[in-house]
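Colleague: Coordinates for the following, if possible.
(chains A and B)
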Amino acid sequence: MNRINKTLNQDKKLLSIYFTAGFPQLEDTVPILEQLQEAGVDMIELGLPFSDPLADGPTIQESSTQALRNGMTTDKLFTQLKGIRDHIHVPLIVMGYFNPMMQYGVERFCKRCQEVGIDGLIIPDLPADVYHEQYQSLFQQYGLLNMFLITPQTPDERIRYVDQVSEGFIYMVSSAATTGAQGSFGDTQQHYFQRIADMKLQSKLLVGFGISNEETYQAAIANSQGAIIGSAFIKYLEANGNQSVEEFVKTIR
Amino acid sequence: MSYHVNERGYYGDFGGAYIPEMLYPNVEELRQNYLEITAQADFKSEFDQLLRDYVGRPTPLYYASRLSEKYNTKIYLKREDLCHTGAHKINNTIGQILVAKRLGKNRIIAETGAGQHGVATATVCALMGIQCVVYMGELDIKRQAPNVARIKMLGAEVRAAQSGSKTLKDATNEAIRDWINNPVDTHYIIGSVVGPHPYPDMVARFQAVISEECKVQLLEAEGRDYPDHVVACVGGGSNAAGLYYHYLDDKRVNIIAVEAAGKGIDTGESAATSALGKEGIIHGSKTLLMQTEDGQITEPYSISAGLDYPGVGPMHAHLFRSKRAEFISIPDQEAMDWGLTLSQTEGIIPAIETAHAFAVLDQRAFETDEIALFNCSGRGDKDLETYIDYFKL
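Modeller: I've put the predicted structure just below:
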């Protein structure tokens, strides 16, 4: 069974952390992975930097720009990840935009992912229907799960479709927004989390976007199986470099 | 084979809607409604009336006799430069503001590079009394001060795009991010035949008024409603899409697309997407775009701010790949020289974008009895400063 599904099947709330590969320094990717595992996070999302990240707010955009400036490339990421499965056991997801994957060659990309031990992908600008029709069998061939996003505006019918196509978890975007930290979640979000929970989907739900501290983490996991933190962690890395990652995780749970 | 969009939103291999899920409801709402709305009688009559009374349509089809004599062929100019606000851009913004109203939207966003589409959008928002925010790259704001002032005079807010390269592609990213953050009350007026389906098709349909009028005007002038060649400049490609539209499937008509070579195709400072681009995804559309080997989108260059978009619309990518259209690229210098030539031969000062199209006359021969129809897409007022600097006027 894929590591992601094994983790999802555990009877516990999950914390998944996102960070941009090659940020703040080019060679920080693996040291940060190691520290996140050490700190006990349940899943890790590695951001493949892109010049034009449409779905991201300023924090992740800037980290992408910085990573590219540092010399990060698709090939470089795979080189950095070579051999990490010797000691990294948490599920690893690559999150990136579709254009760099197309240029690398989608099949070649999937193959390299499998070789280094990537378990799944999140590709915000690859729509569920295009994936389903053109790429699903390829991803499956290389043992990769593809995770989809839903938002408060996603119609029920489409949520059902995504649930059907989805093989890992559904990434529940907390509000109509690009990525970025918010202070807290209001009634609107709670209502939305509840509404989706009540749909009794077959896929497990993880909430992301706008989670930055213990309060938002707790609110997010009340009606889901876990939460994903990105921008808040990037900000932490910006301020503290790749040191004491564990401290950040402790502030969340 | 048709060169129009298919029911799935593709032109051959190109097009589609490669968008984050956050945009899906907005784009889907538009996709489900745009054909129905634009087919309604009250929409058509309001659109036609505004084009006539406000924009100044039909624009003249002008036989350029001195130019024709000089190049020993029949040259016609479609005078889009005479539209209100100085270019064809307003055909699209009028159409989209009417769609936005019918979708119940009360806030408009737009991206702009040189500022022409920003002005055209701010204009129709003023006309309708609707709130308007225009995203513009921080660098472009500095380079295009007069248009920034025009947009502000028209009551719109200009927001600086500070991400990435701080130019048009980043302004487009910021507009898309705004739309993600405001999915319910806001309509995004894209300025060219780019972006996710249905935008390329919707914008092309609004610009199609250009070739619709040409057919009537040519019939009157020449006794046949089609030319032998249609020639237009292509950045994103909206004026070209409008000129080609009713001739796309008419094989008697040769299509010529003119891109900006900038300082030369091999210099690294160019915007000739057909020559330098590869298939990929930009702003939600699968098309040809300029990018690094690693799939990072690169910054194009042209002396003309309206042509330095790193991609082309999917219709044009398909016209290129299927060889339906001839693609020619024109370097800065030739385009600038043609700014002077057209001014002094016909008394028409063109936008620098537009001047690129005319430079084709020095690149390829036309037969004596052939009719070459050029889109005179914009006037040169906005470019005076560039002309002054370049020619030391």
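
Colleague: going forward, measure contacts between C-alpha atoms and count neighbours the same way
Modeller: Noted.

Colleague: can you tell me which residues contact the nearest residue to residue B:2 once chain neighbours are set aside?
Modeller: Distances taken as CA to CA, 6 or more residues apart in numbering or on different chains put residue B:249 closest to residue B:2, at 6.0 Å, once the chain neighbours are dropped. By CA atoms under 8 Å, 6 or more residues apart in numbering or on different chains, residue B:249 lies in contact with B:1-3.

Colleague: Neighbour-wise, which one of those leads?
Modeller: residue B:3 (19 neighbours; other CA atoms under 10 Å in any protein chain shown).

Colleague: right, is the helix or strand bottoming out on mean pLDDT in chain A up against chain B?
Modeller: Every helix and strand of chain A was ranked by mean pLDDT, DSSP states H and E. The lowest is helix A:187-198, at a mean of 90. No - taking CA under 8 Å from any CA of the partner chain as the criterion, helix A:187-198 and chain B are apart, separated by no less than 14.5 Å.

Colleague: What is that helix packed up against?
Modeller: Packing partners of helix A:187-198 (3 or more CA pairs under 8 Å, 6 or more residues apart in numbering or on different chains; DSSP states H and E): none among the helices and strands.

Colleague: what is the rounded mean pLDDT of the next helix or strand after that helix?
Modeller: Counting by DSSP states H and E, the next helix or strand C-terminal to helix A:187-198 is strand A:204-208. Strand A:204-208 shows a mean pLDDT of 96.

Colleague: Tell me the helices and strands packed up against strand A:204-208.
Modeller: Taking 3+ CA pairs under 8 Å, 6+ apart as the contact cut, strand A:204-208 packs with strand A:169-173, helix A:214-221, strand A:226-229.

Colleague: partners of it in the sheet?
Modeller: With DSSP bridges as the test, strand A:204-208 is paired with strand A:169-173 (parallel), strand A:226-229 (parallel).

Colleague: Report the angle between that strand and helix A:214-221.
Modeller: 150 degrees (axes from the mean of the first three to the mean of the last three CA atoms, to 10 degrees).

Colleague: contact partners of strand A:204-208?
Modeller: With contacts defined as CA under 8 Å, 6+ apart, strand A:204-208 is touched by A:8, A:168-174, A:220-221, A:224-229.

Colleague: same thing but at 7 Å, please
Modeller: Contacts to strand A:204-208, defined as CA atoms under 7 Å, 6 or more residues apart in numbering or on different chains, come from residues A:169-174, A:220, A:224-229.

Colleague: ok, now stretch A:40-51?
Modeller: Outside stretch A:40-51, the residues touching it (CA under 7 Å, 6+ apart) are A:14-21, A:64-65, A:67-68, A:90-97, B:164, B:296-297.

Colleague: when you check those residues against the helices, which ones overlap?
Modeller: Mapping those onto helices (DSSP state H) picks out A:64-65, A:67-68.

Colleague: Could you single out the nearest of these to residue A:243?
Modeller: Each of the ones in helices among the contacts of stretch A:40-51 was checked against residue A:243 using CA to CA; the closest is residue A:67, at 17.6 Å.

Colleague: Generate a PyMOL selection restricted to the buried subset of the contacts of strand A:204-208.
Modeller: The buried subset of these, as determined by 16 or more other CA atoms under 10 Å in any protein chain shown, is captured in PyMOL by this line:
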select buried, chain A and resi 169+170+171+172+173+174+220+224+225+226+227+228+229
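
Colleague: Quick one: the contacts of strand A:204-208 as a markdown table, columns for pLDDT too.
Modeller: Listed next are the contacts of strand A:204-208 as a markdown table, based on pLDDT from 0 to 100:
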| residue | pLDDT |
| --- | --- |
| A:169 | 97 |
| A:170 | 97 |
| A:171 | 97 |
| A:172 | 96 |
| A:173 | 94 |
| A:174 | 92 |
| A:220 | 94 |
| A:224 | 95 |
| A:225 | 97 |
| A:226 | 97 |
| A:227 | 97 |
| A:228 | 97 |
| A:229 | 97 |
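
Colleague: thinking again about what came up before, out of the ones in helices among the contacts of stretch A:40-51, which is most surrounded?
Modeller: Result: residue A:64 is most packed of these (other CA under 10 Å), 28 neighbours.

Colleague: State the distance from that residue to chain B.
Modeller: 10 Å (CA to the nearest CA, to the nearest Å).
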